[in-house]
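Trainee: Attaching a predicted model along with its sequence, questions to come.
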Amino acid sequence: MIVSGPAVGTTPPRVALLTYSTRPRGGVVHTLALAEALVALGVRVDVWTLARGGDAAFFRPVDPRVGVRAVPFPEVADETVGERIVRSIAVLGDVFDAAREAYDVVHAQDCISANAALPCVRTVHHLDTFTTPELAACHDRAVAAPSDLVCVSAAVAGEVRDGWGRVATVIPNGVDAARFAAGAQDAAGRSRWADRLGRYVLALGGIEPRKASLDLLEVYAALPPDLRATRRLVLGGGETLFDYRDYRAAFDRRCAELGVEPVVLGTLGEDELPALVAQADVLAMVSTKEGFGLAAMEALAAGVPVVARDLPVLREVLGDAVAYAADPPGTTAALTGVLAGVLSAPPDPAPGRAVAASYTWDRAARAHLVLYERLLGR
């Protein structure tokens with residue numbers, strides 16, 4: 001939301017960016033990178049977040065020019081997902097409300113922080129379907145109620161228009177391509193992962209329905225024996241507070257049925273990720289929904305081939321730099337064939353590196369600043 005502030009074109013706006021966690025989920029990565037790119041342009045930015053269980057520091061160091069406002073959020077024993085959602089909104093909202101007059105722009109990056117900070121600008125990274133009533137309601141309000149919406153791709157903006165009748169400003173993500181390109185040159189880091197894992201097929205983002213982790217398991221299990229025998233399935237990325245526990249249990253049951261023992265790394269350190277990505281034989285992105293495909297873009301920057309489900313958003317963002325398969329959710333035959341083909345004959349990495357290098361956080365920050373100044377003028 002825009003409150004009384006400086007005239008457009010005089011002093012930079014004072015911006016509050018809000019996110020729900022300090023952990024390395026996609027929206028949190030986006031929030032920190034955007035904040036740092038904005039302060040590099042002279043914008044004053046504070047990032048507000050929940051310090052879950054006392055975790056008041058973000059998963060990586062943050063540019064000291066960015067203010068960090070971590071709101072204490074202690075654990076509560078036996079709390080349901082729905083209760084935790086409601087409490088998250090209330091705790092963040094109560095503390096932020098006392099400070100919001102300090103900002104010209106309030107910009108939330110997820111449904112929890114948007115509900116806590118209404119009215120506000122909100123970035124819709126992707127749309128999802130939830131079974132927990134409180135979370136479903138949070139998701140819907142965070143699209144319907146904000147004063148203005150931003151989407152990271154035109155495909156997601158189209159979903160927002162079709163589902164809610166709202167027009168969003170499209171501002172693509174940036175990519176820290178240099179960081180992942182450096183991962184490809186990190187011989188010591190890559191060697192550590194190779195010693196630990198051997199050769200591997202990598203997926204990032206945790207085990208959850210949107211990532212179609214069960215489909216990925218079927219794809220891997222159906223690989224030709226020589227390819228499967230020489231490569232492990234590795235999943236990286238932390239869990240969320242959302243309602244995916246039953247899905248994780250189904251994933252574990254199916255692993256036992258198929259005789260597959262994936263390596264589940266969980267949350268990764270910031271310095272570990274580039275070499276992990278760079279050492280992979282392939283990144284598999286079989287998601288049923290994506291907002292931008294940042295993990296795929298990072299893999300391309302590292303020179304790693306990507307196999308992806310054929311989604312409009314990935315075609316929009318990644319173009320022809322990845323290998324697609326048109327399997328509907330719950331089917332995997334085409335994905336298995338494409339993955340086997342890429343493992344057997346990896347493509348030229350140059351086109352992917354070029355695509356990744358074309359998306360910068362500086363460009364994203366400048367587009368956000370144009371939006372903020374337009375809203376201030378309005």
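Mentor: Arrived safely, thanks for sending.
Trainee: rest of the way, CA atoms for contacts and neighbours
Mentor: OK.
Trainee: helices or strands next to the least confident helix or strand in the chain by mean pLDDT in the packing?
Mentor: Every helix and strand in the chain was compared by mean pLDDT, DSSP states H and E; the lowest is strand 263-266, with a mean of 92. If contacts are counted by 3 or more CA pairs under 8 Å, 6 or more residues apart in numbering; DSSP states H and E, strand 263-266 sits against strand 232-236.
Trainee: got a list of contacts for the next helix or strand after the strand it packs on?
Mentor: Next along the chain after strand 232-236, taking DSSP states H and E as the criterion, comes helix 245-258. Helix 245-258 is contacted by residues 207, 208, 209, 213, 214, 217, 221, 261, 262 when judged by CA atoms under 8 Å, 6 or more residues apart in numbering.
Trainee: Could you give me the ChimeraX syntax to select whichever of the residues you listed are buried?
Mentor: In ChimeraX, this line selects whichever of these come out buried by 16 or more other CA atoms under 10 Å:
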select :207,208,209,213,214,217,221,262
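Trainee: As JSON lines, the contacts of helix 245-258 with pLDDT and secondary structure would be great.
Mentor: Shown next, in JSON lines, are the contacts of helix 245-258 (pLDDT from 0 to 100; DSSP: H, G, I helix; E, B strand; the rest coil):
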{"residue": "207", "pLDDT": "92", "secondary structure": "coil"}
{"residue": "208", "pLDDT": "90", "secondary structure": "coil"}
{"residue": "209", "pLDDT": "91", "secondary structure": "coil"}
{"residue": "213", "pLDDT": "96", "secondary structure": "helix"}
{"residue": "214", "pLDDT": "97", "secondary structure": "helix"}
{"residue": "217", "pLDDT": "98", "secondary structure": "helix"}
{"residue": "221", "pLDDT": "98", "secondary structure": "helix"}
{"residue": "261", "pLDDT": "97", "secondary structure": "coil"}
{"residue": "262", "pLDDT": "97", "secondary structure": "coil"}
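Trainee: Go through the contacts of helix 245-258 and name the one nearest residue 109.
Mentor: residue 208 (19.9 Å; CA to CA).
Trainee: quick one, what contacts the closest one?
Mentor: 244, 247, 248.
Trainee: Closest one of the residues you listed to residue 200?
Mentor: Taking CA to CA as the measure, residue 200 lies nearest residue 248 of the contacts of residue 208, at 21.1 Å.
Trainee: Just give the number of residues close to that closest one.
Mentor: 18 (other CA atoms under 10 Å).
Trainee: Check the gap between it and residue 288 for me.
Mentor: Distance from residue 248 to residue 288, counting by CA to CA, to the nearest Å: 16 Å.
Trainee: How about residue 309?
Mentor: From residue 309 across to residue 288, the span is 7 Å (CA to CA).
Trainee: Ok, residue 94 next?
Mentor: The gap separating residue 94 from residue 288 is 35 Å, by CA to CA.
Trainee: Of those two, give the one with the bigger neighbour count.
Mentor: Just comparing residue 94 and residue 288: by other CA under 10 Å the higher neighbour count belongs to residue 288, 20 against 13.
Trainee: Could you list the buried residues of the least confident helix or strand of the chain?
Mentor: By 16+ other CA under 10 Å, the buried positions in strand 263-266 come out as residue 264.
Trainee: Just the CA atoms of the longest strand along the chain, as PDB, please.
Mentor: Secondary structure of the chain read by DSSP state E shows that its longest strand is strand 44-52. Output in PDB follows, covering the C-alpha atoms of strand 44-52 (Å, rounded to 0.1, in the frame of the first residue of the first chain):
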ATOM      1  CA  ARG A  44      15.600   2.400   1.400                       C
ATOM      2  CA  VAL A  45      14.400  -1.100   2.100                       C
ATOM      3  CA  ASP A  46      13.500  -3.100   5.200                       C
ATOM      4  CA  VAL A  47      12.700  -6.800   5.000                       C
ATOM      5  CA  TRP A  48      10.100  -8.000   7.500                       C
ATOM      6  CA  THR A  49       9.800 -11.700   8.300                       C
ATOM      7  CA  LEU A  50       8.800 -14.200  11.000                       C
ATOM      8  CA  ALA A  51      11.600 -15.500  13.200                       C
ATOM      9  CA  ARG A  52      10.200 -19.000  13.400                       C
END
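Trainee: who does the helix or strand just after it touch, helix- and strand-wise?
Mentor: Downstream of strand 44-52, the first helix or strand assigned by DSSP H and E is strand 67-73. Judged by 3+ CA pairs under 8 Å, 6+ apart, strand 67-73 is in contact with strand 44-52, helix 81-97.
Trainee: Output the ones you listed as TSV; include the columns distance to residue 36 and mean pLDDT.
Mentor: Conversion of these to TSV gives the following (distance: least, CA to CA, whole Å; pLDDT from 0 to 100):
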stretch	distance to residue 36	mean pLDDT
strand 44-52	8	96
helix 81-97	21	96
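Trainee: For burial, what's the neighbour tally of residue 252?
Mentor: Count around residue 252 with other CA under 10 Å applied: 15.
Trainee: if I look at it, how far off is residue 129?
Mentor: In terms of CA to CA, residue 252 sits 22 Å off from residue 129.
Trainee: now do residue 271
Mentor: Residue 271 is 32 Å from residue 129, by CA to CA.
Trainee: what's the domain layout of this structure?
Mentor: Domain ranges of the chain: 14-174+360-377, 177-357, per automatic domain parsing.
Trainee: returning to that earlier point: tell me which of the helices and strands packed on strand 67-73 is the most buried.
Mentor: Counting by mean count of other CA atoms under 10 Å, strand 44-52 has the highest mean neighbour count of these, with a mean of 22.
Trainee: just the angle between that strand and strand 67-73, please?
Mentor: Counting by axes from the mean of the first three to the mean of the last three CA atoms, to 10 degrees, strand 44-52 points 20 degrees away from the direction of strand 67-73.
Trainee: can you state the direction angle for strand 44-52 and helix 81-97?
Mentor: 150 degrees.
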